[in-house]
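>>> Okay, predicted coordinates and the sequence, questions at the end:
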Amino acid sequence: MMGTTITDEKMSSSASEENHQSDCEKVVNVFEKWLEGKASEADEEFLAEQADECSPCFESIDKQNQFVQFLNNALRRPGTPASLVDTIKSKIHHSA
C-alpha cells in the first residue's frame, strides 16, 4: 500500500510541475505581447496575478528582457555622419 502512495505523490507532483511549466510559458508569451504593446487588459491582469504568485516566471522574463536590451544596444546602427548630411544638403541646394 505504501508503493501506491509514493506513486500517487509522484504523479501529483509531476502533474503540478507540468501545470507550472504551462503557466510559465503563458506568462512569457503574455509578457512578450505586453512588451510589444499588444497585451489586452485581461493579459495585464493575468501578469499581475502571476507576479504575486510566481517569482520564478518573472525571473526568467527579467533575464529575457535584459537580453533584449543588450541586443538592442549591441545592434544599434551608428548615426549618420554630419559630413554626409552636409554633403547631401549641399548637393540638393546646388541642384535646385
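That came through fine.
>>> Next, the buried residues of stretch 46-57.
Residues of stretch 46-57 classed as buried by neighbour count (16 or more other C-beta atoms under 10 Å): Phe46, Leu47, Gln50, Cys57. All C-beta atoms are positioned from the backbone trio N, CA, C, and that covers glycine.
>>> Quick check: the gap between the residue nearest the centre of the chain and Leu47.
Most central in the chain under C-alpha atoms, centre = their mean is Glu32, positioned 4.1 Å from the mean C-alpha point. According to C-beta to C-beta, to the nearest Å, Glu32 stands 11 Å off from Leu47.
>>> Spell out the residue ranges of the helices in this protein.
Remark: helices assigned in the chain by DSSP state H are 2-35, 41-53, 55-74, 82-95.
>>> ok, now which ones touch Asp43?
Contacts for Asp43 (C-beta atoms under 8 Å, 6 or more residues apart in numbering) come out as Val30, Lys33, Trp34.
>>> what's the pLDDT at the nearest residue to the first one once chain neighbours are set aside?
Spatial nearest neighbour of Val30, chain neighbours left out: Asp43 (4.7 Å); criterion: C-beta to C-beta, 6 or more residues apart in numbering. At Asp43 the predicted local confidence, pLDDT, stands at 90.
>>> how near is Asp43 to Val27?
As judged by C-beta to C-beta, Asp43 and Val27 stand 10 Å apart.
>>> and what of Leu71?
According to C-beta to C-beta, Leu71 stands 21 Å off from Val27.
>>> Equivalent analysis for Leu47, please.
Applying C-beta to C-beta to Leu47 and Val27 gives a distance of 7 Å.
>>> Ok, Val85 next?
45 Å.
>>> Looking at these two, which one has more neighbours?
Per other C-beta atoms under 10 Å, whichever of Val85 and Val27 has more neighbours is Val27, with 21 against 11.
>>> That one reaches Glu49, doesn't it?
No - the pair Val27 and Glu49 does not pass the contact test of C-beta atoms under 8 Å, sitting 9.9 Å apart.
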